[in-house]
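A.B. asks: Prediction below, plus the sequence it came from.
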Amino acid sequence: MGILSRLENAEVLDRAVAPGQKAVRRLRPRAFRDILHGTWTGHPVHPMLVQASVGAWLSAGVLDLRPGYDRAARRLAGFGLLASAPAVLAGLTDWAEQHEQQMRVGVVHAVTNIVAIGLYGASLATRADGRSRALRYAGLTAASLGALLGGHISFRQAGGVNHAEEVPHLVEPGWHALGPIADLPDGRPARRMLGEVPLLIVRRGDDADVLADRCSHLSGPLSDGEVADGCVTCPWHGSVFRLSDGAVAHGPATAPQPVFETDVRDGVLRVRLPNAG
């Protein structure tokens, strides 16, 4: 088992997960957390925000290779520190709504970045050019390790990706019968399978709203969630989607739910993907 896999299963890190998650979830209002998640962009904003800090610190490292550029390198280090504040806040907000293996790696990811921030801060506090340069390179090393862990969370553990993206590729074009609409509970969520794709169905009298059932955030079962005010709330992390069009009303989800067109013929509910023929 590799180092990163051991981190995923390191239960000792759960001592930091529970209090950290509780603290981050206290951020108010909820609309502020939505901004930090990136619901307004359609994807997480944390990866975008970190580019400012990493770019500034990497540029400082390039300047440190040449004599006489210590002042410019210091300025870049300072800019990176300022830019790290919103990136850290967005990262923590996303972290607090992940599953336990992601959060364990996230704890170490956060620690490495805190170390990087501390080293860059110390580089600004010292007057000695040589020592300041050494501290910046140490900070760049810590930030690079943090980036590696962040990549592991994103690409190996699928943190922040759209977990409903594959639905349009798994459903054949055209209309598909799901059964008599009278068999569905009125106004309450129900689950039906369309091939290998689970669907959330909320009947509204003689019609229904139908979404992909697996939450785009982390595949939570929306059919186990609460339906109210024309929306469904994921039971796992509280993402809220509009039933009419699958749009994200509240995060942590950033990607909308695939929505299906509906038709009732001879009492049978049929569905198809929009523009699927």
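C.D. replies: Noted; the coordinates are in hand.

A.B. asks: after the helix or strand where residue 20 lies, next one along is what?
C.D. replies: If you go by DSSP states H and E, residue 20 is part of helix 14-24. The first helix or strand that comes after helix 14-24 along the chain, using DSSP H and E, is helix 30-37.

A.B. asks: Contacts for that next one next, please.
C.D. replies: Helix 30-37 is contacted from outside by 27, 40, 44-45, 89-90, 93-94, 97, 250-254, using C-beta atoms under 8 Å, 6 or more residues apart in numbering. C-beta coordinates here come from the backbone N, C-alpha and C atoms, glycine included.

A.B. asks: ok, those vs residue 179, which is closest?
C.D. replies: Each of those was scored against residue 179 by C-beta to C-beta, and residue 253 proved nearest at 28.3 Å.

A.B. asks: got a winner among the contacts of helix 30-37 for most neighbours?
C.D. replies: residue 253 (28 neighbours; other C-beta atoms under 10 Å).

A.B. asks: Quick check, that residue in contact with residue 216.
C.D. replies: Yes: using C-beta atoms under 8 Å, residue 253 is in contact with residue 216, at 5.1 Å.

A.B. asks: quick one: common contacting residues for those two?
C.D. replies: Shared contacts of residue 253 and residue 216 (C-beta under 8 Å, 6+ apart): residue 239.

A.B. asks: contacting residues around the residue nearest the centre of the chain?
C.D. replies: Central residue of the chain (C-alpha atoms, centre = their mean): residue 160, 3.0 Å from the mean position. Residue 160 makes contacts with 43, 44, 46, 47, 94, 153, 154, 254, as judged by C-beta under 8 Å, 6+ apart.

A.B. asks: what does residue 249 give?
C.D. replies: With C-beta under 8 Å, 6+ apart, residue 249 has these contacts: 231, 240, 241, 242.

A.B. asks: Can you classify it as helix, strand or coil?
C.D. replies: When classified by DSSP: H, G, I helix; E, B strand; the rest coil, residue 249 comes out as strand.

A.B. asks: Apart from its neighbours in sequence, what residue is nearest it?
C.D. replies: Leaving aside its sequence neighbours, residue 249 sits nearest to residue 240 (C-beta to C-beta, 6 or more residues apart in numbering; 4.2 Å).

A.B. asks: what are the phi and psi angles of that neighbour?
C.D. replies: phi -120, psi 130 (degrees, to the nearest 10).

A.B. asks: what about it, how many neighbours?
C.D. replies: By other C-beta under 10 Å, the residues close to residue 240 number 21.

A.B. asks: residues contacting it?
C.D. replies: Residue 240 neighbours (C-beta under 8 Å, 6+ apart): 231, 232, 233, 234, 248, 249, 250.

A.B. asks: And the worst-scoring helix or strand of the chain on mean pLDDT, what does it pack against?
C.D. replies: None of the helices or strands of the chain scores lower by mean pLDDT, DSSP states H and E than helix 3-8, at a mean of 91. Contact analysis of helix 3-8 by 3 or more C-beta pairs under 8 Å, 6 or more residues apart in numbering; DSSP states H and E lists helix 100-125 as its packing neighbours.
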